[in-house]
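Peer 1: below are the sequence and a predicted model; questions follow.
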Amino acid sequence: MTFLGVVAELNIKMNSPPHSGNCSISPTNGVYLETAFNIQCDGFMDENVPLQYSFYAATGDSSGTDLDNLLLLAHDTNARATNVYFPYNPSGADVVVVINVTDSQELGSMWKIQVPVALPHATEYPELLRSLISGNESLMKRRKAYGDDQGAVQLQLVVLFGLLENQFPDLQLEDIKDLRNAISSVLAEVRI
């Protein structure tokens, strides 16, 4: 009687998240609606490319671990986000910037960086909002004109977050209407 042996071999390769990288933000502190920040990530390695970089802001009581409860600042295969405005944290604490680096298999590494963001003087809000959102030559309108839909929407979100958190208590009704109209007109043209 002869027995034939069967041998099977199974090699399992485990995916690991992107590694060996770091991220930084400059400047290291700023003023709400005045300071444009740059976020840079370098050195992340993974064999499942392309890597995706998602940049978020956590404010208030958010610990920055639940990505669904964060304000998305930018998302791209580019490892940097430039000229990004951070929201103000209504609790007065630092804004926590959360960076999620994911591979093509959606496995990710998360970075958190705290950034102090102060409030400007309340009398500066109308002019700041005109230069960023509602003025004829506003940064939002220029970003949209140059095809930077993501940058235009990012500015809108930071300002809308401020309106929801009552950051502009002294704004006149006319200024709020101008903001609404400017945001609506640009949103209507954004490619989704």
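Peer 2: Alright, I've got the coordinates.

Peer 1: show me the residue sitting in the middle of this protein in space.
Peer 2: Nearest to the centroid of the C-alpha atoms of the chain, with distances taken as Cα atoms, centre = their mean, sits residue 73, at 1.7 Å.

Peer 1: who's in contact with residue 85?
Peer 2: For residue 85, the contacting residues are 32-33, 35-37, 132, 154-155, 158, taking Cβ atoms under 8 Å, 6 or more residues apart in numbering as the criterion. For the C-beta atoms, the positions are set from N, CA and C on the backbone; glycine is no exception.

Peer 1: specify which member of those residues is nearest to residue 171.
Peer 2: Nearest to residue 171 among these, counting by Cβ to Cβ, is residue 33 at 12.4 Å.

Peer 1: I'd assumed residue 130 was in contact with that closest one.
Peer 2: No. Contact criterion Cβ atoms under 8 Å: residue 33 and residue 130 do not qualify, at 11.0 Å.

Peer 1: show me which of the two is the more surrounded one.
Peer 2: Under the neighbour definition other Cβ atoms under 10 Å, residue 33 and residue 130 were set side by side, and residue 33 has more, 26 against 17.

Peer 1: how about that one: what's its closest non-neighbour residue?
Peer 2: With sequence-adjacent residues excluded and distances taken as Cβ to Cβ, 6 or more residues apart in numbering, residue 33 is closest to residue 128, at 4.6 Å.

Peer 1: list the contacts of that neighbour.
Peer 2: Applying Cβ under 8 Å, 6+ apart, the residues contacting residue 128 are 33-34, 120.

Peer 1: of those residues, which belong to helices?
Peer 2: Secondary structure of the contacts of residue 128 is defined by DSSP state H; no position falls in helices.

Peer 1: now render the residues you listed as a markdown table, adding pLDDT and distance to residue 179.
Peer 2: What follows is the contacts of residue 128, written out as a markdown table (pLDDT from 0 to 100; distance: Cβ to Cβ, whole Å):
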| residue | pLDDT | distance to residue 179 |
| --- | --- | --- |
| 33 | 92 | 12 |
| 34 | 93 | 17 |
| 120 | 87 | 16 |
